[in-house]
Structures are given as C-alpha cells and as structure tokens.
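**Student:** With the sequence up front, the predicted model follows.
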Amino acid sequence: MCLNFTIQQKKMKTNLIFSIAILLLLAILSVQASDSYQTKPPVVDKYHKPRICKRKCLKHKWIKKCLKHKLVGQKKVCDQYAIVGAGKCLKHKKYSKCDKYSKATKKCVLHAYKIVGCAKKKYWKVCDSYGTKKICIKKGYKKFCAKHKIINKCVKKGYKKVCKKFKKVPIKKCEKKKICDKYTVDSYNKKVAKCRYVKKCKIVSWAKKCAKYKKVKYCKERKSIKKCCLIKKKFFCAKHKTIKFCKHKKTISKCVKYNKKKYCAKSIVIPPRCIKKKYYKKCLKRSKGKKICKKFKLVGGKKKCCKSIKKKICIKRKTCKKSSKPIVKPSL
C-alpha cells in the first residue's frame, strides 16, 4: 500500500512542475510584450547607490516533513460471494441385478470307502521242525605264556682296580756330555788331562699317571634266563546242556494296510445360481452448496508516515524602512 501511495505522489509532483513551467513561460512572454509599448526608462545616476532592504530571519523552527506514507489497520472484507458444491450427492443407495446364471450341478453330501487291494504286508518266520543239540553253560580257563623274554643274569662277581685320580708327569729326554780340564799337575810333575761326564735333561711332553686307585665290582660269569612277559587265558567248556532247536522255518504273511477307494453314497442337485451381477446406484439426497468468498477488498485504515525529513523554516523576520528615491537625470 505504501508503494502505491509513493507512485501517486511522484505523479502529482511531475504534474505540478509541468504546470509551473507553463505559467513561467506565459509570464515572460507577457512582460516582453508590455515592454515594447512602454517609454524609455529614466537614466539613474550610477554614482548614487540606493539602499536595499533585506528581511533578516530572527527565529527559526525545525519541522518534520513526510515524504512517504503507508496505510495501517486495514480490514479484509468480502466483496463478491460464490456458491460451490451445489448438487453433489450426499447419500446413495446401491441396487443389483443378475446378468448371468450358472447351470444346475450335482453335489455329493456323503462319501464312503471300499477295499480294492492290499497296500502293505507284514512277513515273519515260524518253526516247522525241531531238533536237539549240546551247548556249553559254564566255561573254565587255564593260563599260558604267550610271549617270552631272555634275560642275562650275573651269577659270579669280582673286583678290579680302577684309577680314581690322575696327575700329570713330565717326560724328560737326557743326554750325557764329556767335559775335560785342560791340565793337571801330579806328584811327578807331569801334565795329565782330567775328564768328567755331565747329564743334561729337558721336558719333551707330559703324561697322565694314576695318583689314587679304587675297587669296582664287575661280573665274572653270566647266565641266560627265560622269562614270560605276556600271560593269556585259554578257555574250555566245564559244563554242557542239551537244548531243543529249530531245524526248518517257514514264512507267514499278513496284510497290515489296505488300498481304499472313495465313492459317493449320497448326492443332491444344486439349482442354478447367479455368477455375474450388474450393480447400479441411485442418489437419495443432494447438497445445497456452500457460500464462499470469491473476491476480497481492503477497507478502513489510517495513513501513517513511513519516510520523513527535517526542514528548517523561519517563524519571525526583521522589518526594514523604505529606501530614499534615487536621483534621476533628465534624458536627452
């Protein structure tokens, strides 16, 4: 609504400006026409400056000017009504009619069964002739060796010396060397050479030698012995009994399941019935229709300013006296 009002204001402004411009043009034309018929104006002395009266503003006031308005508080009222849903069926009644009938049929109401043969037989054997025989009623057993093992047993023991502790002994290699003195003087003042033998040894290697002995038992004589390692039982009959037994058997059979055939014992005739129906319906009650609003309009409301500016205006001005007349020179 505010937008429509602003568009209207703009149109009014343009019309006003256009009319003012036309009035100004007409005023200028009328002034020019009047000036052509007037006499020449008197020459004013240029050295005489007339006093100009200016109206000075003494008091100002700020006022609020609205640029844009909008309407508020408008009510929506129906302007045009219409009736809808008139003639609509509210209550129906259904009717049906048979279009096609079936043929008369025969239906069995009582069934019975009759035996036509054997489906399953049971077989068993019975004794035809008997005889006698001996059977064992008490068993006895005796043990016997099933597996042997040969064991070597010591029958005579002896003792022998065995080294308990060893020690290391050096192996030496010795050599004899003859050493002679140069001269010796005896009682007869004779020079005689004196010789002697010197033994020198060195260790070549080391050998083990027993330092301490101990006595150890050992077997001097052995003997082979046969020993049983698996004992088994051998069974035998300790007591017998004479019993009767079947020498010959014969097979006997009997039917345990029979084949049955179903047949109708009693039947009835069913009359023809409807197999296809035709349906139709009839209206019993129709609606009068509903009144609804087709077109709305806005009424009432208040004009409210939605855009404004502040403007300064004069409320009191200063008044001035009229100026003296200028000196006019006569025209030649």
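**Tutor:** Good, I have the coordinates.
**Student:** How about residue 138, nearest residue that isn't a chain neighbour?
**Tutor:** residue 239 (3.7 Å; Cβ to Cβ, 6 or more residues apart in numbering). No exception for glycine: its C-beta is placed from N, CA and C like everyone else's.
**Student:** give me the number of residues near that neighbour?
**Tutor:** Other residues within reach of residue 239, judged by other Cβ atoms under 10 Å, total 9.
**Student:** ok, now which ones touch it?
**Tutor:** Applying Cβ atoms under 8 Å, 6 or more residues apart in numbering, we find residue 239 in contact with 136-138.
**Student:** Among those residues, which one sits closest to residue 126?
**Tutor:** Of all the contacts of residue 239, residue 137 has the smallest distance to residue 126: 27.0 Å, by Cβ to Cβ.
**Student:** What are the boundaries of the strands in the protein?
**Tutor:** Using DSSP state E, the strands of the chain run over 43-44, 57-72, 75-84, 89-101, 105-180, 184-185, 191-192, 195-270, 274-286, 290-299, 302-317, 328-329.
**Student:** which residues of the chain score low on pLDDT?
**Tutor:** By pLDDT under 70, the weakly predicted segments of the chain are 1-11, 30-54, 181-193, 320-332.
**Student:** please redo it, this time with the cut-off set to 90
**Tutor:** For the chain, applying pLDDT under 90 flags the ranges 1-106, 114-117, 128-131, 133-229, 235-240, 245, 247, 270, 272-332.
**Student:** domain ranges for it?
**Tutor:** Domains of the chain are assigned by automatic domain parsing as 1-38, 133-260.
**Student:** Output those domains as TSV; include the columns distance to residue 96.
**Tutor:** Output for these, formatted as TSV (distance: least, Cβ to Cβ, whole Å):
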stretch	distance to residue 96
domain 1-38	62
domain 133-260	46
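**Student:** Can you show me the CA trace of stretch 119-139 as CSV?
**Tutor:** Taking Å, rounded to 0.1, in the frame of the first residue of the first chain, the C-alpha atoms of stretch 119-139 are listed here in CSV:
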residue,chain,number,x,y,z
ALA,A,119,-1.1,-101.9,0.1
LYS,A,120,1.4,-103.2,2.7
LYS,A,121,2.2,-106.8,4.0
LYS,A,122,4.0,-108.0,7.2
TYR,A,123,6.2,-111.1,7.0
TRP,A,124,7.5,-113.3,9.8
LYS,A,125,9.0,-116.8,10.2
VAL,A,126,7.7,-119.8,12.3
CYS,A,127,9.5,-123.1,13.1
ASP,A,128,8.3,-126.1,11.1
SER,A,129,10.5,-128.9,12.6
TYR,A,130,12.7,-129.2,15.8
GLY,A,131,16.0,-131.0,16.8
THR,A,132,18.3,-131.3,19.9
LYS,A,133,22.0,-130.2,20.5
LYS,A,134,24.5,-129.7,23.3
ILE,A,135,25.6,-126.2,24.4
CYS,A,136,28.1,-125.0,27.0
ILE,A,137,26.6,-123.4,30.0
LYS,A,138,29.8,-123.0,32.1
LYS,A,139,33.2,-122.1,30.9
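**Student:** distance between it and the chain's centre?
**Tutor:** On the basis of Cα atoms, centre = their mean, to the nearest Å, stretch 119-139 sits 73 Å off its chain's mean C-alpha point.
**Student:** Repeat that for stretch 156-166.
**Tutor:** 87 Å.
**Student:** Using PDB, write down the CA coordinates of it.
**Tutor:** The C-alpha trace of stretch 156-166 is given here as PDB (Å, rounded to 0.1, in the frame of the first residue of the first chain):
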ATOM      1  CA  LYS A 156      79.500-114.600  39.900                       C
ATOM      2  CA  LYS A 157      81.000-111.200  40.800                       C
ATOM      3  CA  GLY A 158      84.700-110.000  41.100                       C
ATOM      4  CA  TYR A 159      86.600-106.800  41.900                       C
ATOM      5  CA  LYS A 160      89.100-104.800  39.800                       C
ATOM      6  CA  LYS A 161      91.300-101.700  40.400                       C
ATOM      7  CA  VAL A 162      90.200 -98.600  38.700                       C
ATOM      8  CA  CYS A 163      92.000 -95.200  38.800                       C
ATOM      9  CA  LYS A 164      90.100 -92.600  40.800                       C
ATOM     10  CA  LYS A 165      92.500 -89.600  40.500                       C
ATOM     11  CA  PHE A 166      95.100 -88.700  37.800                       C
END
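**Student:** circling back to that earlier point, closest one to residue 29 among the strands of the chain?
**Tutor:** With Cβ to Cβ, the closest approach to residue 29 among the strands of the chain belongs to strand 43-44: 26.9 Å.
**Student:** Just send the strands of the chain back as JSON lines, with distance to residue 12 too.
**Tutor:** Shown next, in JSON lines, are the strands of the chain (distance: least, Cβ to Cβ, whole Å):
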{"stretch": "strand 43-44", "distance to residue 12": "45"}
{"stretch": "strand 57-72", "distance to residue 12": "12"}
{"stretch": "strand 75-84", "distance to residue 12": "27"}
{"stretch": "strand 89-101", "distance to residue 12": "57"}
{"stretch": "strand 105-180", "distance to residue 12": "96"}
{"stretch": "strand 184-185", "distance to residue 12": "180"}
{"stretch": "strand 191-192", "distance to residue 12": "183"}
{"stretch": "strand 195-270", "distance to residue 12": "96"}
{"stretch": "strand 274-286", "distance to residue 12": "56"}
{"stretch": "strand 290-299", "distance to residue 12": "22"}
{"stretch": "strand 302-317", "distance to residue 12": "15"}
{"stretch": "strand 328-329", "distance to residue 12": "48"}
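**Student:** Good, wrapping up.
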